[in-house]
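> From the sequence below, what's the structure:
(one chain, ligands or ions: 2)
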Amino acid sequence: MSFLGYLFRDVAVDLGTANTLVFIRDKGVVLNEPSIVARERSTGKVVAIGRDALLMHEKTHPGIMTIKPLANGVIADYEATEELIKGLIRKTQTQFSFGIRKMVIGIPSGITEVEKRAVRDSAEHIGGREVYLVAEPMAAAIGIGLDVNEPMGNMIVDIGGGTTEIAVISLGGIASGESLRVAGTDITNSIIRHFRKAYNLAIGERTAEEVKMRIASASKLDKELAMMVRGRNLVTALPEEREVSSPTIREAIATPISQIINSIKRCLEVTKPELSADVLDRGLFLAGGGALIKDLDRKIHEETKLAVHISEDPLTAVARGTGKVLEDLEKFKTVLLPTKRY
Ligand SMILES: Nc1ncnc2c1ncn2[C@@H]1O[C@H](COP(=O)(O)OP(=O)(O)OP(=O)(O)O)[C@@H](O)[C@H]1O
Ligand SMILES: [Mg+2]
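Ligands and ions are numbered 1, 2, ... in the order given. Sure thing, here's the model as predicted:
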């Protein structure tokens, strides 16, 4: 390593709506924390970032507010996004390193030119000297280990918190694809709405997330599940506990699940026949936290007839992919996204 190599780091970031992951060259994914920033309301001072801020989320007093700087995969609050990336990178730094040289960032494929520009500006603003952008589904495919440069169709579906990225990739580019702004957060919100409507019970986001992770499913389970859920009764205004079952939750989340599956079908409809044949041959690869919804793979298989593979460690696929791009920019130059200079 050169002298500068000791002082500067090359980092890759999966800036997600739900989680932000940081990859450092030669080290791998070193950090995976929720995309949340907590601020003191009066001064605007950042008091916590990532996991520490999540613990405060929905449990704050009026003096502190928590912010999710990203919504649907794009930056909703620039300042908070910069604080988030800066804070997380700072957490990874040793006393000998003080700057960032190369930086690769994964962004949703449906992002506008202005949104792209904003991500690049933020990265440069926090000190990235060379900033490269790569589409998230492309990064996910690379992270999974698919050879994206070959003349062969690979289908990837990355179900994150804010966006579902669907893409058929061939020759280092996205041949057909869709960036749907329906994903994990909508599934969580459907659960919250269900409790409110069916039982007059207000439940928090963290509780709904827990329900989703423990018992939500996309199709009938061999052994149906149930769990106790606590919230506040909207009529009596008192705390209350009640049992819910997996079939009920399945029904509650049916709309976002079918929106995701319809989007996969639409993408297949516009895929060129030769690439379709490849996809039929190889199947579809699921990534992102949404890939972990029980029996979603089976449901997608039933509706598309494709073999469905859940990628190993789906929550880190994009981060690992951006990391591979960072470590071999020459090999992956075709996947880098250009941004216009204004
Ligand atoms: N075991 C699980 N079962 C169901 N959903 C899960 C599970 N684990 C995580 N999730 C959901 O996955 C989502 C987060 O996934 P991920 O980290 O891939 O999203 P992200 O990259 O932050 O978002 P985006 O790519 O949309 O910007 C959250 O909505 C979370 O609730
Ligand atoms: Mg993601």
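
> so T43 sits in a helix?
No - applying DSSP: H, G, I helix; E, B strand; the rest coil, one finds T43 to be coil, outside a helix.

> Report how many residues lie close to it.
9 (other C-beta atoms under 10 Å). Where you see a C-beta, it was placed from the backbone N, CA and C, and this is true even at glycine.

> List the contacts of the residue in the stretch 51-200 of the chain positioned nearest to ligand 2.
As assessed by C-beta to the ion, ligand 2 sits closest to G160 within the stretch 51-200 of the chain, at 3.4 Å. Residues in contact with G160 (C-beta atoms under 8 Å, 6 or more residues apart in numbering) are G16, T17, A18, G73, E136, A183, G184, G288, G289, G290.

> Could you check how far the last one is from ligand 1?
In this structure, G290 lies at 5 Å from ligand 1, with C-beta to the nearest ligand atom, to the nearest Å as the measure.

> ok so, going back, any quick ChimeraX command for the buried ones out of the contacts of G160?
In ChimeraX, selecting the buried portion of those, with burial taken from 16 or more other C-beta atoms under 10 Å, looks like this:
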select :16,17,18,73,136,183,184,288,289,290
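
> which pair in the contacts of G160 spans the largest distance?
The most widely separated members of the contacts of G160, counting by C-beta to C-beta, are E136 and G184 (13.9 Å).

> Now stretch 55-71: average pLDDT?
Across stretch 55-71, the average pLDDT comes to 88.

> what helix or strand is A118 on?
When elements are assigned from DSSP states H and E, A118 belongs to helix 113-125.

> Identify the residues contacting the helix or strand following that helix?
Per DSSP H and E, the first helix or strand lying C-terminal to helix 113-125 is strand 130-135. Around strand 130-135, the neighbours that count as contacts under C-beta under 8 Å, 6+ apart are 101-109, 116, 119-120, 123-124, 165, 167, 174, 321-322, 325-326, 329, 332, 335-337, 339.

> Report how many residues lie close to G162.
By other C-beta under 10 Å, neighbour count at G162 equals 22.

> Okay, and the beta partners of the residue nearest to D147 when sequence neighbours are not counted?
Using C-beta to C-beta, 6 or more residues apart in numbering and skipping residues adjacent in sequence, the residue nearest D147 is N154, 8.0 Å away. For N154, the beta-bridge partners under DSSP bridges are I169.

> give the contact list for N154.
N154 neighbours (C-beta under 8 Å, 6+ apart): A141, L146, D147, V148, V168, I169, S170, D278, V279, R282, F285.

> JSON lines please, covering these and showing pLDDT and neighbour count.
Shown next, in JSON lines, are the contacts of N154 (pLDDT from 0 to 100; neighbours: other C-beta atoms under 10 Å):
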{"residue": "A141", "pLDDT": "98", "neighbour count": "28"}
{"residue": "L146", "pLDDT": "96", "neighbour count": "20"}
{"residue": "D147", "pLDDT": "95", "neighbour count": "11"}
{"residue": "V148", "pLDDT": "96", "neighbour count": "24"}
{"residue": "V168", "pLDDT": "97", "neighbour count": "24"}
{"residue": "I169", "pLDDT": "97", "neighbour count": "29"}
{"residue": "S170", "pLDDT": "96", "neighbour count": "22"}
{"residue": "D278", "pLDDT": "97", "neighbour count": "19"}
{"residue": "V279", "pLDDT": "97", "neighbour count": "21"}
{"residue": "R282", "pLDDT": "96", "neighbour count": "16"}
{"residue": "F285", "pLDDT": "98", "neighbour count": "25"}
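
> Identify, from the residues you listed, the entry nearest to F195.
F195 lies nearest to F285 out of the contacts of N154, by C-beta to C-beta, at 33.1 Å.

> Residues in a beta bridge with that closest one, which ones?
Residues in beta-bridge contact with F285 (DSSP bridges): I156, H309.

> K305 versus that one, what's the distance?
Counting by C-beta to C-beta, to the nearest Å, the separation of F285 from K305 is 16 Å.

> contacts for stretch 291-303?
157, 159, 187, 212-213, 215-221, 246, 257, 261, 264-265, 284, 286, 290, 306-311, 314-315.

> List buried residues within these.
157, 159, 187, 212, 215-219, 246, 257, 261, 264, 284, 286, 290, 306, 308, 311, 314-315.

> Next step: these restricted to strands.
Within those, residues falling in strands by DSSP state E are V157, I159, L284, L286, V308.

> before we move on, the earlier item: got TSV for the contacts of N154, with distance to ligand 2 too?
Formatted as TSV, those follow (distance: C-beta to the ion, whole Å):
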residue	distance to ligand 2
A141	13
L146	17
D147	21
V148	17
V168	18
I169	16
S170	22
D278	24
V279	22
R282	22
F285	14
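
> so how far is ligand 1 from the residue of the stretch 51-200 of the chain closest to ligand 2?
Here the criterion is C-beta to the nearest ligand atom. By it, G160 lies 2 Å from ligand 1.
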